[in-house]
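# Dropping the sequence and predicted coords here.
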Amino acid sequence: MADATKYAPINGGTLISDLKTQLSLLKIKTRVALAYGFVFAFIAFSVILAFSPSTNSSSPLLGNIFSCCGSRIKSISSENPHRSQFSSNSSDLFPNSAQVQNSTIQPSQTNFERSPNNTSQPPKSTTEPEIVKNQTHSEELQDPAEVLKPNQSTIEALKSPNITFQSLNLNPESSTVKNQTQVKEAHDRVDELKPNVSTIEAPKSPPAANETANLASGPSSRGKNATGKREKRIAEKGDVPNSISSVLRNQSNGTNSGVPVKQGSESLVESLMNCNLFDGNWVRDESYPLYEPGSCSLIDQQFNCIRNGRPDKDYQKLKWKPKGCTLPRLNGSHMLEILRGKRLVFVGDSLNRNMWESLVCILRNSVKDQGKVYEAFGRHHFRGEASYSFVFEDYNCTVEFFVSPFLVREWQMRDKNGTKKETLRLDLIGRLSDQYKNAGFIVFNTGHWWTHEKTSKGEDYYQEGSHVYSSLNVQEAFRKALTTWGRWVDANINPNKTFVFFRGYSDTHFSGGQWNSGGQCNDETEPIRNDTYLRRYPSKMKVLESVLQGMRTQVSYLNITRLTDFRKDGHPSIYRKPHMSKAEKQLFLRAQDCSHWCLPGVPDAWNELLYAELLIRQNQKQQEQKRP
């Protein structure tokens, strides 16, 4: 009884309680055995898949992970036998871990997706961009930028021979990437090299291995255009590899004939065609004027302000800048090529003579042998004659001027008393029209003489046929004269041989009176800066525009009215003659010239506008010739 009491459970346990205890211990051992079994099975399954991956795996995730990591596990295991295979797998799953930062990455260790249907398709990067060898062992890859792309889902394939690993400062044969900083730099370069996917089409199928050389040497023109866009984008970021910058230089110079890149002149002409050349502002440009002041002996004395003693010169440093584009600097040699074998004729008043002299000086300044530029009749002064013609012998062309201040004919008739009186025939074109109607280019103008006392009053002056108007409003007389001019152009100008320009009204800047009543501008040294101080648009130019709209012949309208209104600083004023006596100074002080312009000066800008219009015309003509 004592023994039974000695071994009895303290809590009064029975046989059933003992069995429960044994069962609970058995359950714990079973769980432990299952846990060890699961761990062993997982490790064994991982090892089998790692060393024998199936290319046709039904699991894209496992196939993607283990297909790229098998060789890496072997490499790391051979280098460090004490390192577990599971840690090798985890290094691929977690690329930002410290193991990746400290490990050596082999070229074959990149993490690429494989296509389940086509293993030969170019790989697509899904993580950090790393450098890999081309499986074809070709020295020139189809496109190194394509291999380096970090996000292939948004960028299509591009083939281009213009970008090499050398131009990226990367070595395709390198076996290591030292650290993640280099990987980040490569990633940044790839971002810069991304093509414009809206203009690039991806190839429908990957090229065969034996086609790699052909693709590298002769990519499509579409790929080349894309390359140009990429290079431009890189240039804007200020990181241009040497080889790419050389390509850009070649393309801009037109030397890379294999690349269908628009030449600078074509791009310039397109910008001019889509721009209002006459809406802009004057900007300072230290490269102006287009010729040295006082260097052109062909300038009429009254326009040669520097020789006549004008002290300020800032008015020569202003260039007209349209708001929507850049006006090209007048290239005299190129303009002479456009004029080769042709006649450029100015017809109008003394303001057109102002423009004509400006252009003759600009073109003459671009000729090597200026002895081959001369006035056809040997004249050295350009006032008083009905016409002048400068010959450019090397180009077989002439730049001419015909005096016709009204465009219609000045006339004389006898009144009832037999006395001759002057009239203006509004129904007849100028007398010399037959001499210039076959010219290659004609620039017409009129306007200033319509402001004189006789024309503005319009009393017994305007004539049509045998009828002389006792009184006719100057605006109506101007409309009749321009209508006569327009009809003559339509009837006599062959638009296939002659291109017609009409230069608009050049504004005046008399202050305190008119040209014959004490008007002055000699103290003006700065242009008008505020648009609110400009004059209203001349009503006569509105009449001109309505006439131009009713003509059959195409006329290019050089609407320089507003741009000249800014330039109250550009007139000869009192500087119209050198070495003036006191009496002459007093005379010129009372009767200043605030209508014409100093040369070099404002008319040079008119000729730059004329040059721009000739570029546009030349481009249009070339396009017409290309049409079937």
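Received the coordinates, thanks. Residues are numbered from 1 along each chain as shown.

# Would you verify that residue 532 is located in a helix?
Yes - membership of residue 532 in a helix is supported by DSSP: H, G, I helix; E, B strand; the rest coil.

# okay, now residue 309: neighbour count?
Residues lying near residue 309 (other C-beta atoms under 10 Å) number 13. In short, each C-beta sits where N, CA and C put it, glycine included.

# what's the closest non-adjacent residue to it?
Closest residue to residue 309 apart from its sequence neighbours, by C-beta to C-beta, 6 or more residues apart in numbering: residue 575 at 5.8 Å.

# For the residue lying closest to residue 277 once chain neighbours are set aside, give me the pLDDT.
Among residues not flanking residue 277 along the chain, residue 322 sits closest, at 5.1 Å (C-beta to C-beta, 6+ apart). Residue 322 is assigned a pLDDT of 97 by the prediction.

# Same question for the one 3 residues further on.
Reading off the confidence values, residue 325 has pLDDT 95.

# Residue 402 now?
98.

# so it touches residue 346, yeah?
Yes - in this structure residue 402 lies within contact range of residue 346 using C-beta atoms under 8 Å: 7.1 Å.

# These two: which has the busier surroundings?
Set residue 402 next to residue 346 and count neighbours by other C-beta under 10 Å: residue 346 wins out with 30 against 24.

# Tally up the residues packed near residue 410, please.
Neighbours of residue 410 (other C-beta under 10 Å): 15.

# Same question for residue 448.
20.

# One more: residue 547?
20.

# how far away is it from residue 489?
Residue 547 sits 10 Å away from residue 489, going by C-beta to C-beta, to the nearest Å.

# residue contacts, the closest residue to residue 436 other than its chain neighbours?
Nearest residue to residue 436, sequence neighbours excluded (C-beta to C-beta, 6+ apart): residue 345, at 4.5 Å. Contacts for residue 345 were tallied using C-beta atoms under 8 Å, 6 or more residues apart in numbering; they are 400, 401, 402, 436, 439, 441, 442, 443.

# before we move on, the earlier item: what is the residue nearest to residue 277 paired to in the beta sheet?
As for beta bridges, residue 322 partners with residue 280 under DSSP bridges.

# wait, it sits on residue 276?
Yes - counting by C-beta under 8 Å, residue 322 touches residue 276, with 6.5 Å between them.

# out of the two, which sits in the more crowded spot?
Neighbour totals were compared for residue 322 and residue 276, and residue 322 leads with 19 against 11 (other C-beta under 10 Å).

# and stretch 504-514, how far apart are its ends?
21 Å (C-alpha to C-alpha, to the nearest Å).

# can you check stretch 559-576 too?
Start-to-end, stretch 559-576 (C-alpha to C-alpha) is 27 Å.

# How about stretch 519-527?
So stretch 519-527: terminal residues 18 Å apart, C-alpha to C-alpha.

# quick one: average pLDDT of it?
Stretch 519-527 comes out at a mean pLDDT of 95.

# So for it, what gets flagged as buried?
519, 520, 521, 522, 524, 527 (16 or more other C-beta atoms under 10 Å).

# what's the most distant pair in these?
Using C-beta to C-beta, these span at most 18.2 Å, a distance reached by 519 and 527.

# Low-confidence regions, this structure specifically.
The chain contains residues with pLDDT under 70 at 1-27, 47, 49-265, 515.

# need the contact list for residue 447.
349, 351, 504, 505, 506, 538, 540, 541.

# Now secondary structure, distance to residue 268 and neighbour count too, for those residues, in a markdown table please.
Formatted as a markdown table, these follow (DSSP: H, G, I helix; E, B strand; the rest coil; distance: C-beta to C-beta, whole Å; neighbours: other C-beta atoms under 10 Å):
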| residue | secondary structure | distance to residue 268 | neighbour count |
| --- | --- | --- | --- |
| 349 | coil | 32 | 20 |
| 351 | helix | 28 | 26 |
| 504 | coil | 24 | 23 |
| 505 | coil | 28 | 22 |
| 506 | coil | 27 | 25 |
| 538 | coil | 31 | 16 |
| 540 | helix | 33 | 20 |
| 541 | helix | 28 | 16 |
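
# Much appreciated, bye for now.
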